[in-house]
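Engineer: Whatever this is, show me its structure:
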Amino acid sequence: MRVRIAAAAIGLVFGITLCWSGMSSPDVIRGALLFEQSYLFLFFASAVGTAALGLALLRRRDRRALLIDTPLVWTRDSPARRHIIGSLLFGIGWGVAEACPGPIATQIGQGIGWAVFTLVGTVAGVYLFLRRSLPETEPALDVEPSANPAMSPAVG
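Structural biologist: Residues are numbered from 1 along each chain as shown. Below you'll find the model as predicted:
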C-alpha cells in the first residue's frame, strides 16, 4: 500500500508540474514543434540534465530502489529497427495530437473533453503493439508432457 501511495504522490506532482509548466497546453507543444518557441526544448534539456546527474549519482552508490528495496539494474541496448520505427510513430502521433501520454493524462484531469479521443488512440496503439509483440500462449495440456508419448523427449 505504501508503494501505491508513493506512486500516486509522484504522479500527482508530475501532473501538477506538467500543468504548471504549460506542457499540457497544445499551444506550447505546437509552438515547439513548429520551432517558434524554445521553451519546450529548454524544459526537456533541463529534464535530461537532471536525469543524467541522478543516474551518475546512482552509479556511484549501492543502486537500490527507495520504495521497494530491490537492486536497480539496467542494460544498454543498441538502437534497433523497433526503436527507430517507435520513435517515428511517437513523433507523428505527438505532432498530430499535440500531446504525449503525460499531457494526455493532465488534459483528462483538467476536464478537456477532446483529450478522451487522444487517450483512446493511445490505449488502442499500446494494445495493438502488445498484442502483436507478445508471444501467443499455447493452450494448456490436460496431461503431463511426460505422460504423453508424443511429447516425451526422444531417447537415442
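Engineer: After the helix or strand bottoming out on mean pLDDT in the chain, heading C-terminal, what element do we hit next?
Structural biologist: Least confident helix or strand, the chain: helix 26-33 with a mean of 84, by mean pLDDT, DSSP states H and E. Downstream of helix 26-33, the first helix or strand assigned by DSSP states H and E is helix 39-60.
Engineer: Would you mind getting the angle between the next helix or strand along the chain from that next one and helix 26-33?
Structural biologist: On the C-terminal side of helix 39-60, the closest following helix or strand by DSSP H and E is helix 81-97. Orientation of helix 81-97 against helix 26-33 (axes from the mean of the first three to the mean of the last three C-alpha atoms, to 10 degrees) gives an angle of 130 degrees.
Engineer: Helix 81-97 - what's its average pLDDT?
Structural biologist: Rounded to a whole number, the mean pLDDT of helix 81-97 is 86.
Engineer: Could you pull out the buried residues of that helix?
Structural biologist: Neighbour-count burial for helix 81-97 flags 93, 97 (criterion: 16 or more other C-beta atoms under 10 Å). C-beta here means a position set from N, CA and C on the backbone, and glycine is covered the same way.
Engineer: ok so, going back, give me the distance between the least confident helix or strand of the chain and the centre of its chain.
Structural biologist: Centre-to-centre, helix 26-33 and its host chain are 21 Å apart (C-alpha atoms, centre = their mean, to the nearest Å).
Engineer: now for it, which elements pack on it?
Structural biologist: helix 39-60, helix 81-97 (3 or more C-beta pairs under 8 Å, 6 or more residues apart in numbering; DSSP states H and E).
Engineer: Pipe these into a markdown table and attach distance to Ala8 per row.
Structural biologist: Output for the helices and strands packed on helix 26-33, formatted as a markdown table (distance: least, C-beta to C-beta, whole Å):
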| stretch | distance to Ala8 |
| --- | --- |
| helix 39-60 | 21 |
| helix 81-97 | 25 |
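Engineer: And these: which comes nearest Leu66?
Structural biologist: helix 39-60 (10.7 Å; C-beta to C-beta).
Engineer: Alpha carbons of the closest one, in CSV - could you do that?
Structural biologist: The C-alpha coordinates for helix 39-60 follow below in CSV (Å, rounded to 0.1, in the frame of the first residue of the first chain):
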residue,chain,number,x,y,z
TYR,A,39,10.5,26.8,-24.1
LEU,A,40,9.7,23.1,-24.6
PHE,A,41,13.2,22.3,-25.7
LEU,A,42,14.8,24.1,-22.8
PHE,A,43,12.5,22.3,-20.4
PHE,A,44,13.4,19.0,-22.0
ALA,A,45,17.1,19.9,-21.7
SER,A,46,16.7,20.6,-18.0
ALA,A,47,15.0,17.2,-17.5
VAL,A,48,17.7,15.4,-19.4
GLY,A,49,20.4,17.2,-17.3
THR,A,50,18.6,16.3,-14.1
ALA,A,51,18.2,12.7,-15.1
ALA,A,52,21.9,12.4,-16.2
LEU,A,53,23.0,13.8,-12.9
GLY,A,54,20.7,11.5,-11.0
LEU,A,55,22.0,8.4,-12.9
ALA,A,56,25.6,9.4,-12.4
LEU,A,57,24.9,9.6,-8.6
LEU,A,58,23.1,6.3,-8.7
ARG,A,59,26.0,4.6,-10.4
ARG,A,60,28.4,5.7,-7.6
